[in-house]
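Colleague: Compute the structure for the input listed below.
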Amino acid sequence: MDFTALHYQASPLLLANVWDASSARAAAQAGYQALGTSSAAIATMLGYADGESLTFEELYFMVCRIRAASTLPLNVDMESGYAETPDGVVENLLRLAALGVVGVNLEDSRVRNGKRELEDAALFANRLQSIRKGLTAQSCTLFLNIRTDPFLLGLANAREETLTRTMRYAEHGADGIFVPCVTHPDDIAAIVNQTSLPLNVMAVPVLPDFAQLGKLGVRRISMGNALHCAIQNRLNELLLTLRQQQSFTGVFADENHR
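Modeller: Below is the predicted model:
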């Protein structure tokens, strides 16, 4: 089943968000159908803040290592595209496609001076259309999953703004719509009813379970950086335990139960 078809199967596509070769291998061993990079996890791992603080070359290197570790379909979180112009974004996307990447996320918000702000919807839609045209001209069929951030930013009119942007992006080349931080069933249902594009939601503490999301019409579920944060918290606990206990007992505790 190709990557696009995975968005139209009976149950939502649960995407394993990874950040390096070892996490990619672990996801493959656990039986996941597809991988997606987490921009926040990769940035944190390399010592950067999220929001295109790392360079595209650094991201490209990580994607190369992930591709070398797994043959699963890979979606890359490209944030705003790591380029100012649509042509620059297309150039980056073509390099990823040459590695075997099958899809990318592009966001309609940017971090400027440490603050994330929504882009003008019309300007972003035109940028998206230019990117799609550039890819088509090169016979590149990357799945463009377009992230829109009214809910993530906590806007008072988040549902209305999301619906407007979803319609506009669908007309300008989007293959899927990604709405992080939408959690209420009524909001999710409204977006699903607004568009034929597959809806992607993201792990947050109050997100409904997968069965309910499927009933609401969600087609794709992402983890974001939730797993990476959980693992980092566990690492922090282990390091603290080592200093407090002055032994490696805590590190090997799980080994003793095998």
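
Colleague: any idea how far the residue nearest to Q9 when sequence neighbours are not counted is from L13?
Modeller: On the basis of CB to CB, 6 or more residues apart in numbering, the spatially nearest residue to Q9 that is not a chain neighbour turns out to be M1, at 7.1 Å. Quick note: C-beta positions are derived from backbone N, CA and C, even for glycine. Distance, M1 to L13, by CB to CB, to the nearest Å: 10 Å.

Colleague: now swap in T249 and tell me
Modeller: The separation that T249 has from L13, given CB to CB, amounts to 41 Å.

Colleague: Please read off the pLDDT at the most centrally placed residue in the chain from the model.
Modeller: Using CA atoms, centre = their mean, the residue of the chain that lies closest to the mean C-alpha position is D77, 5.0 Å off. At D77, the pLDDT value in this model is 98.

Colleague: what pairs with it across the strands?
Modeller: Here D77 shows beta-bridge partners N105, assigned using DSSP bridges.

Colleague: V63 looks like it's in a strand, true?
Modeller: No. Assessed by DSSP: H, G, I helix; E, B strand; the rest coil, V63 does not belong to a strand; its assignment is helix.

Colleague: Now do it: how many residues are near it, please.
Modeller: Here the number of neighbours of V63 (other CB atoms under 10 Å) works out to 20.

Colleague: And M1 and L13? Which one has more around it.
Modeller: For M1 versus L13, the count of surrounding residues by other CB under 10 Å is larger for L13: 25 against 11.

Colleague: for that one, what are its contacts?
Modeller: The neighbours of L13, taking CB atoms under 8 Å, 6 or more residues apart in numbering as the test, are 6-7, 33-34, 219-221.

Colleague: Cross-check the contact I'm expecting between the residue nearest to the centre of the chain and S39.
Modeller: Yes. Assessed by CB atoms under 8 Å, D77 is found in contact with S39 at 4.1 Å.

Colleague: Quick one: the strands in the stretch 1-150 of the chain, in order.
Modeller: When assigned using DSSP state E, counting those that start in this stretch, the strands of the stretch 1-150 of the chain occupy the ranges 13-14, 16-18, 35-37, 74-77, 103-107, 109-112, 115-118, 143-147.
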